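Trainee: Fold the following.
(one chain, ligands or ions: 1)
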Amino acid sequence: MAERKVGDICGSSASTTSDDHPKDTLDLKPEDGDPESPEAQKDQDLKSVLVTSVLNLEEIDVDLYRGTHHWVPRTQRLFGGQIIGQALVAAAKSVGDNLYAHSLHCYFVRAGDPKVPVLYQVDRIRDGRSFTVRSVRAIQHGQPILICQASFQMLQPSPLQHQFTMPAVPPPEDLLTAEELIRLYLSKPDLAEKYKLGLNKLLAIEVPIEIKPVNPPVFYKVTASEPKNLFWVRARGYIGEGNMKLHCCVAAYVSDFALLGTALLPYPGYRAQFAASLDHAMWFHSTFRSDEWMLYECESPWAGGSRGLVQGRLWRRDGVLAASCSQEGVLRVKPVTRPSKL
Ligand SMILES: CCCCCCCCCC(=O)SCCNC(=O)CCNC(=O)[C@H](O)C(C)(C)COP(=O)(O)OP(=O)(O)OC[C@H]1O[C@@H](n2cnc3c(N)ncnc32)[C@H](O)[C@@H]1OP(=O)(O)O
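Mentor: Numbers count the residues shown, from 1 in each chain. Here you go, the predicted structure:
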């Protein structure tokens, strides 16, 4: 088995060692081995809903797919990460086993309608010797809601390999999940009813991602902070070694979650009146498992003109940089009105 060096682009195997010609398909069949075995059955039972439904597109025709929705934000516009993840699945379906997703660039041009499915029309722009490019239009009501270009590359190792150093943070085992933090806040005896309602609503949302904030917010005492945020993330449920294209699609889904909010951290006196991602770009650097804890380092280098620029880096636990992303979002805010003390 060839040992895969760190820094390889998004390979077809999620482990760090792989066969010379790794199997790489996006069909979501059970893992190798006896699908009836208790272990495989357990895995199937625990299989991440991201794999079994959100990223499991129905093929309508050649290069035409249909996706359904799982979780929709309170804004009642489709979650951008879902549309990006599904678009990458559609693009990857027409790309050979020896090619790996290394980047994607998207624009969100209309709000997604949670009441109807999304169609994904794939355009095979170019099949080059090393790079293959696909263009995908996510369509609803006959109009594009997202335009996405994705590029795939053959495995081409190089002596040029470097990366930043992963931030030093506590391991996920030492931190609480978002749900555990909410339950902690709800356990406070003097918690006002209106807060209880909001927290229970948050608790009821079935987001297919687990999150452990590295610096949990001090509830109700929102103070200004640098536009930087760190949290451990992973897909809920089991995905397995599978193939890297699938893990890249899950990472694309995860990367859009809680990213734009980084730009609001320095402004506790304001809340979002209208917030939505305008674009999203992502680069995949190394193999990783999206169903294992990864550190998501988010920062916002700039905001202005009712927009915020946010950037993210996804780190493997062993310090390898797995993926990077950048996004600009529209951020229209209004002052937070607090009940007067009088
Ligand atoms: C910050 C907290 C955390 C963030 C959580 C949410 C982020 C989650 C990430 C996502 O998943 S967002 C989903 C993916 N992205 C999208 O769905 C965006 C898709 N693109 C679009 O919907 C349109 O391209 C876009 C609205 C961005 C621009 O279209 P338009 O130029 O035609 O609309 P415009 O910006 O003029 O108006 C949009 C809304 O802002 C309102 N608006 C415009 N100017 C305003 C102003 N100056 N002040 C306040 N509101 C204003 C305007 O009324 C309208 O409200 P309504 O939709 O309720 O009518």
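Trainee: When you work out contacts or count neighbours from here on, use the C-alpha atoms and nothing else.
Mentor: Noted.
Trainee: And the strand with the most length in the chain, what's buried?
Mentor: Selection of the longest strand in the chain by residue count, based on DSSP state E, yields strand 321-335. Of the residues in strand 321-335, those scored as buried under the neighbour-count criterion (16 or more other C-alpha atoms under 10 Å) are 321-333.
Trainee: Name the strands paired with that strand and say parallel or antiparallel.
Mentor: Strands flanking strand 321-335 in the sheet, each with its direction: strand 270-277 (antiparallel), strand 279-284 (antiparallel), strand 307-315 (antiparallel) (DSSP bridges).
Trainee: gap between that strand and the chain center?
Mentor: Distance of strand 321-335 from the chain centroid (C-alpha atoms, centre = their mean, to the nearest Å) equals 13 Å.
Trainee: Flag every residue of the stretch 51-200 of the chain that's near the ligand.
Mentor: Residues of the stretch 51-200 of the chain found near the ligand (C-alpha under 6 Å from any ligand atom) are Arg77, Leu78, Phe79, Gly80, Phe108, Val109, Arg110, Ala111, Gly112.
Trainee: are any of those residues buried, and which?
Mentor: Burial by neighbour count, 16+ other C-alpha under 10 Å: within those this picks out Leu78, Phe79, Gly80, Phe108, Arg110, Ala111, Gly112.
Trainee: Now the phi/psi pair for the third one, please.
Mentor: When you say that, I think you mean Gly80. The phi and psi values for Gly80, taken as degrees, to the nearest 10, are phi -60, psi -40.
Trainee: Identify the residues contacting Leu78.
Mentor: Leu78 sits next to His69, Val72, Ala111, Gly112, Asp113, Pro114 when contact means C-alpha atoms under 8 Å, 6 or more residues apart in numbering.
Trainee: JSON lines please, covering these and showing secondary structure.
Mentor: Conversion of the contacts of Leu78 to JSON lines gives the following (DSSP: H, G, I helix; E, B strand; the rest coil):
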{"residue": "His69", "secondary structure": "coil"}
{"residue": "Val72", "secondary structure": "coil"}
{"residue": "Ala111", "secondary structure": "coil"}
{"residue": "Gly112", "secondary structure": "coil"}
{"residue": "Asp113", "secondary structure": "coil"}
{"residue": "Pro114", "secondary structure": "coil"}
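Trainee: Which residue in these has the weakest pLDDT?
Mentor: For those, the weakest pLDDT value sits at Val72, with 82.
Trainee: Relative to Ile205, how far out is that one?
Mentor: Using C-alpha to C-alpha, to the nearest Å, one gets 9 Å for the distance from Val72 to Ile205.
Trainee: By mean pLDDT, which helix or strand of the protein comes out lowest?
Mentor: Taking mean pLDDT, DSSP states H and E as the measure, the helices and strands of the chain show their lowest mean at strand 17-18, namely a mean of 36.
Trainee: Which among the strands paired with strand 321-335 is found nearest to Arg137?
Mentor: In terms of C-alpha to C-alpha, the element of the strands paired with strand 321-335 nearest to Arg137 is strand 279-284, at 13.8 Å.
Trainee: As CSV, could you dump the C-alpha coordinates of the closest one?
Mentor: Extracted as CSV, the C-alpha positions of strand 279-284 are listed here (Å, rounded to 0.1, in the frame of the first residue of the first chain):
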residue,chain,number,x,y,z
ASP,A,279,-20.3,33.5,-2.6
HIS,A,280,-18.2,30.6,-1.3
ALA,A,281,-14.8,29.3,-2.4
MET,A,282,-13.1,26.2,-1.1
TRP,A,283,-9.8,24.4,-1.6
PHE,A,284,-9.1,20.8,-0.5
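Trainee: Restrict the helix or strand just after it to CA atoms and write it as CSV.
Mentor: Using DSSP states H and E, the helix or strand that follows strand 279-284 in sequence is strand 294-304. Written as CSV, here are the backbone C-alpha positions of strand 294-304 (Å, rounded to 0.1, in the frame of the first residue of the first chain):
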residue,chain,number,x,y,z
MET,A,294,-11.7,18.5,12.8
LEU,A,295,-10.8,22.0,14.1
TYR,A,296,-12.6,24.8,12.2
GLU,A,297,-10.6,28.1,12.5
CYS,A,298,-12.7,31.0,11.3
GLU,A,299,-11.8,34.7,10.9
SER,A,300,-13.1,37.8,9.3
PRO,A,301,-10.3,40.1,7.9
TRP,A,302,-12.8,42.7,6.7
ALA,A,303,-16.4,44.0,6.8
GLY,A,304,-18.0,47.1,5.2
